[in-house]
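Asks: starting from these lines, generate the structure:
(one chain, ligands or ions: 1)
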Amino acid sequence: MSTHSSPIAFPPAIAAYADGPALARALAAHVAEALRARLARDGAASLAVSGGRTPVAFLETLSGAPLDWGRIAVTLVDERWVPETSPRSNAALVRRHLLRGPAADARFVPLFTGDATPEEGLAAATATVASLPSPFAAVVLGMGDDGHTASFFPGAEGLAAAIDPAGTAPLAIARAEGAGEPRITFTLPSLIAADRLFLHIEGRTKRSVLERACAGTDAAELPIRAVLNAVRAPLDVMWCP
Ligand SMILES: O=C1O[C@H](COP(=O)(O)O)[C@@H](O)[C@H](O)[C@H]1O
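Replies: Numbering: from 1, shown residues only. Next up is the predicted model:
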């Protein structure tokens, strides 16, 4: 894990953008900069992006960034346990909106293994993600209106293990009423170890959820707090109405 000597701002400053395209451009530029820095240092870099509805414009903007994509590995912060033929697949979203143009040269490391359950797929998925340059050069988190980030859902079976700051497993399984299907997710320690950690949220509802999260510490209620409570590096929150 990387170590950071600068003090951490809490609550994190929220960088506000006029609209989604402006935010997408700024976030893509920051992520490209983080990837470039790691490529210059190590010759290889990894990126973890979120799924859901919010990241489409960001992923499409990043796909055109002039980077040495052949030396970059891309994975997901979390995945719904569905095949890529499902409209719910985060992997399908990444293939459609990021892995095109220059970024088509990136090595994609999906989390869904094709096994019937995440319990059956966990060992294989864990072995696959072990090939990623570590820690991540950049992680882009999203957040649901219920305060979940990655697949850290309120009331989830498996939440305590997934957000244990002292945990050593890279991946965890999550099942929650609000999650739809079972999930697989990178754990809190593997995500917050990233060189650059971004939280990308859009809309007034998500902003007020984040403000509520910043006013307390109970991660079981609003799991985004697990990140807020544990980050060692600055958390870059990027928002637009
Ligand atoms: O289910 C998920 O939801 C969150 C938030 O998604 P959004 O549609 O509200 O943007 C996302 O960050 C996560 O990766 C995804 O699996």
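
Asks: CA atoms for contacts and neighbours, from now on please.
Replies: Noted.

Asks: next, the buried residues of the helix with the most length in the chain.
Replies: Secondary structure of the chain read by DSSP state H shows that its longest helix is helix 20-42. Residues 20, 23-39 are the ones in helix 20-42 that count as buried (16 or more other C-alpha atoms under 10 Å).

Asks: before we move on, what about stretch 62-72?
Replies: For stretch 62-72, a neighbour-count test (16+ other C-alpha under 10 Å) marks 62, 63, 64, 65, 67, 68, 69, 71, 72 as buried.

Asks: what's the spacing between the second one and the ligand?
Replies: Applying C-alpha to the nearest ligand atom, to the nearest Å, the value for residue 63 to the ligand is 18 Å.

Asks: please list the residues of the protein that sit near the ligand.
Replies: 50-54, 78-79, 141-144, 149-150 (C-alpha under 6 Å from any ligand atom).

Asks: hmm, back to that, would you list the buried residues of stretch 62-72 in JSON lines and tack on distance to residue 239, pLDDT and secondary structure?
Replies: Below are these laid out as JSON lines (distance: C-alpha to C-alpha, whole Å; pLDDT from 0 to 100; DSSP: H, G, I helix; E, B strand; the rest coil):
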{"residue": "62", "distance to residue 239": "17", "pLDDT": "98", "secondary structure": "helix"}
{"residue": "63", "distance to residue 239": "20", "pLDDT": "98", "secondary structure": "helix"}
{"residue": "64", "distance to residue 239": "22", "pLDDT": "98", "secondary structure": "coil"}
{"residue": "65", "distance to residue 239": "21", "pLDDT": "98", "secondary structure": "coil"}
{"residue": "67", "distance to residue 239": "25", "pLDDT": "98", "secondary structure": "coil"}
{"residue": "68", "distance to residue 239": "28", "pLDDT": "98", "secondary structure": "coil"}
{"residue": "69", "distance to residue 239": "27", "pLDDT": "98", "secondary structure": "helix"}
{"residue": "71", "distance to residue 239": "30", "pLDDT": "98", "secondary structure": "helix"}
{"residue": "72", "distance to residue 239": "26", "pLDDT": "98", "secondary structure": "strand"}
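
Asks: now, of the residues of the chain next to the ligand, which are buried?
Replies: 50, 51, 54, 78, 79, 141, 142, 143, 144, 149, 150.

Asks: contacts only, for the first one.
Replies: Residues in contact with residue 50, defined by C-alpha atoms under 8 Å, 6 or more residues apart in numbering, are 76, 77, 78, 90, 140, 141, 142, 150.

Asks: among the residues you listed, which are in helices?
Replies: The helices, defined by DSSP H, take in residue 90 from those.

Asks: among the contacts of residue 50, which one sits closest to the ligand?
Replies: residue 142 (3.4 Å; C-alpha to the nearest ligand atom).

Asks: for that closest one, list the residues it contacts.
Replies: For residue 142, counting by C-alpha under 8 Å, 6+ apart, the contacting residues are 50, 51, 52, 54, 55, 149, 150, 199, 200, 201.

Asks: where does pLDDT dip in the chain?
Replies: 1-10, 232-233 (pLDDT under 70).

Asks: no further questions, thank you.
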